[in-house]
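Just the structure for this:
(one chain, ligands or ions: 1)
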Amino acid sequence: MQNPPDSGRILLVDDEPAFQRLGADFLRGLGHEVVVAGDAEQALAAFATLPAPDLVLLDLAMPPTMDPEAGLELVPRFARVPVIVWSGHGDHELALRAAELGAWDFLTKPIDPDMLRFVIARALRKAKLDAELRALRAAQAGDDMGLVGQAQATVQLRAMVRRVGPTRVSVLVLGPTGSGKELVARALHASSPQSENAFVAIHCGALSAELLESELFGHLKGSFTGAYRDQPGLVEVAHGGTLFLDEVGEMPPPMQVKLLRFLQEGTFVPVGGRSAKKAEVRVVAATHRDLEAMVRDGSFREDLYYRLKGVVLRTPALGERPADVPLLATRFLHRVAPRAGLSGDALAWLAAREWPGNVRELKALVEAAGALLLPDQPEVDAPLLRLAAGEADGDLPAEPAAPLEGLGPLDAALAELERRLVRDALQAAGGNQSEAARRLGISRVGLIKKLARLGLR
Ligand SMILES: Nc1ncnc2c1ncn2[C@@H]1O[C@H](COP(=O)(O)OP(=O)(O)OP(=O)(O)O)[C@@H](O)[C@H]1O
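Take a look at the predicted model:
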């Protein structure tokens, strides 16, 4: 039977078996799918299981306390979807508190079935409209999903992300450092139906096998020196969302086995634990290494490789997609200097450059140049880019000529120029030193030393 337009998946939370049965039958009769939970713990577990419910019906008074206040605490935990609460206590105060905590509606037992049907239909319709509005806004605001570029390879990459994002298939992102692998992983998550759940990234090469295991799967109190309390693993934090395994090629072999088990069975055992726990995550892995060669030389498990390699997406080196450079540079510049432009010689200078650090390098350079713009300088030009790249050979950006005249030796003129750049950056950052340092492309400590040296403090 075709479900009616306003049907949905409903989580019914009530401890009374008779009510559970009658309620579930009634709701199913209306075309809804129903999942039943008898207490708070079951309710939270059912809420985290995919596919996620579209609406929660929550009895506020449940064992062991039967205290509606305890039930109220659950309301924000279901905040993603409409929550309709009910209680035997029909008091005004309780209804107000529930509304404050975000409940969609408050009903008093005994429940009037017609009223329930009406309230549910309205809540589901509103939730559906909200979701459509969110999707429309996302499509309008960032059609490029943050993946800027017009090169053929980038256009194709975006098309693949749009296609693969909404599926649950594992994705392996291959490309050199700084080419946008993590960005692709985030775009996949953002275009998945689970985008409101967590996106959790872990760098597999930065930790020893032991620490990586404890980070991924969690640990129990006392399982090693320094384990003062139980710590959930990142796979649990990412439950229902996306787990991004960055530099998966660096994963130590003992961890490769454990990761494979988790990917195959969906279960894991926290460090120091005995029983297996469950978590459901979408896995996106990335590496700049040649995983196939690593499989051949035995440093990466073949079975894990095939498990991770559901769909392979590639982020080419920036040098292989020169058509992206002007667009990326303009986008990065506008983040620090919204009204500034790039001159023709700046674009030519960028185009002629090699980018061993790929998009990350371009971003850092253009942002630094944007921060160095003088207030009356409308464009970033090639000399300013050279200055930002640390390649300036004296042809500094045109400072208003008159005020610098007569400053005497070159050192004094440079110090004066530096003073102005620092003052401008501080002013633009509203006096915030960290922000000013970021704009200048130096560390905060470096800025403080500069302020002292230039006599600005
Ligand atoms: N197509 C793009 N559009 C906009 N920004 C991009 C693009 N590609 C990369 N970037 C930016 O460049 C920087 C580096 O990207 P990212 O961290 O995704 O690269 P990566 O390949 O994961 O790097 P690594 O291998 O070092 O982890 C980030 O700030 C990211 O936002």
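
Up against the ligand, what does the chain have?
The interface of the chain toward the ligand, taken as C-beta under 6 Å from any ligand atom, is made up of 146-149, 175, 177-183, 246, 288, 315, 328, 359-360, 363. From N, CA and C alone the C-beta is placed, and that goes for glycine too.

at 5 Å what do you get?
Contact residues (C-beta under 5 Å from any ligand atom) of the chain with the ligand: 147-149, 177-183, 359-360.

just the buried members of these?
147-149, 178-183, 359 (16 or more other C-beta atoms under 10 Å).

okay, these in JSON lines with secondary structure and pLDDT next?
JSON lines is the format used below for these (DSSP: H, G, I helix; E, B strand; the rest coil; pLDDT from 0 to 100):
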{"residue": "Leu147", "secondary structure": "coil", "pLDDT": "94"}
{"residue": "Val148", "secondary structure": "coil", "pLDDT": "93"}
{"residue": "Gly149", "secondary structure": "coil", "pLDDT": "92"}
{"residue": "Gly178", "secondary structure": "coil", "pLDDT": "96"}
{"residue": "Ser179", "secondary structure": "coil", "pLDDT": "97"}
{"residue": "Gly180", "secondary structure": "coil", "pLDDT": "97"}
{"residue": "Lys181", "secondary structure": "helix", "pLDDT": "97"}
{"residue": "Glu182", "secondary structure": "helix", "pLDDT": "97"}
{"residue": "Leu183", "secondary structure": "helix", "pLDDT": "97"}
{"residue": "Val359", "secondary structure": "helix", "pLDDT": "97"}
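
And these, which is closest to Ala40?
Nearest to Ala40 out of these is Glu182 (C-beta to C-beta; 36.1 Å).

from what I can see Val13 touches Leu55, true?
No - using C-beta atoms under 8 Å as the test, Val13 is too far from Leu55 to be in contact (11.2 Å).

So those two - more neighbours on which side?
Set Val13 next to Leu55 and count neighbours by other C-beta atoms under 10 Å: Val13 wins out with 28 against 22.

Now do the helices in the stretch 251-400 of the chain.
253-265, 291-296, 302-308, 325-336, 344-352, 358-372, 382-388 (DSSP state H, counting those that start in this stretch).

For the shortest one, which residues meet the burial criterion?
When neighbours are counted by 16+ other C-beta under 10 Å, the buried residues of helix 291-296 are found to be 291, 294-295.

before we move on, what about the third one?
Residues of helix 302-308 classed as buried: 304-305, 307-308 (neighbour count, 16+ other C-beta under 10 Å).

Show me the two of those residues that sit farthest apart.
For these, the farthest-apart pair by C-beta to C-beta is Tyr305 and Arg307; their separation is 7.2 Å.

Give me the contact list for the host helix or strand of Leu96.
Using DSSP states H and E, Leu96 maps to helix 92-100. The contact list for helix 92-100 (C-beta atoms under 8 Å, 6 or more residues apart in numbering) reads 60, 68, 72, 75, 85, 87, 106.

tell me the two of those that are most distant?
Longest span within the contacts of helix 92-100, C-beta to C-beta: Val75 and Ser87, 11.9 Å.

Wait, Gly370 touches Thr330, no?
No - applying C-beta under 8 Å, one finds Gly370 not in contact with Thr330, separated by 10.6 Å.

where exactly do the strands run in the stretch 101-250 of the chain?
With strands called from DSSP state E, counting those that start in this stretch, the stretch 101-250 of the chain shows them at 105-108, 171-174, 199-203, 218-219, 231-232, 242-246.

Let me have those strands in CSV, extended by mean neighbour count, mean pLDDT and distance to Leu129.
Formatted as CSV, the strands of the stretch 101-250 of the chain follow (neighbours: other C-beta atoms under 10 Å; pLDDT from 0 to 100; distance: least, C-beta to C-beta, whole Å):
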stretch, mean neighbour count, mean pLDDT, distance to Leu129
strand 105-108, 18, 92, 17
strand 171-174, 24, 97, 31
strand 199-203, 19, 95, 25
strand 218-219, 23, 94, 38
strand 231-232, 16, 88, 35
strand 242-246, 25, 97, 26
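
Quick one: the ones you listed as JSON lines, columns for distance to Ala276 too.
Converted to JSON lines, the strands of the stretch 101-250 of the chain look like this (distance: least, C-beta to C-beta, whole Å):
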{"stretch": "strand 105-108", "distance to Ala276": "39"}
{"stretch": "strand 171-174", "distance to Ala276": "26"}
{"stretch": "strand 199-203", "distance to Ala276": "20"}
{"stretch": "strand 218-219", "distance to Ala276": "12"}
{"stretch": "strand 231-232", "distance to Ala276": "15"}
{"stretch": "strand 242-246", "distance to Ala276": "17"}
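
what about the ones you listed, which gets the closest to Leu342?
Between Leu342 and these, the tightest spacing by C-beta to C-beta is seen for strand 171-174, at 29.1 Å.

contacting residues around that closest one?
Residues contacting strand 171-174 (C-beta under 8 Å, 6+ apart): 164, 181, 184-185, 188, 248, 283-288, 291, 308-315.

what do you get for stretch 149-162?
So stretch 149-162 is in contact with 144-145, 147-148, 184, 187-188, 191, 311, 313-316, 320-324, 327-328, going by C-beta under 8 Å, 6+ apart.
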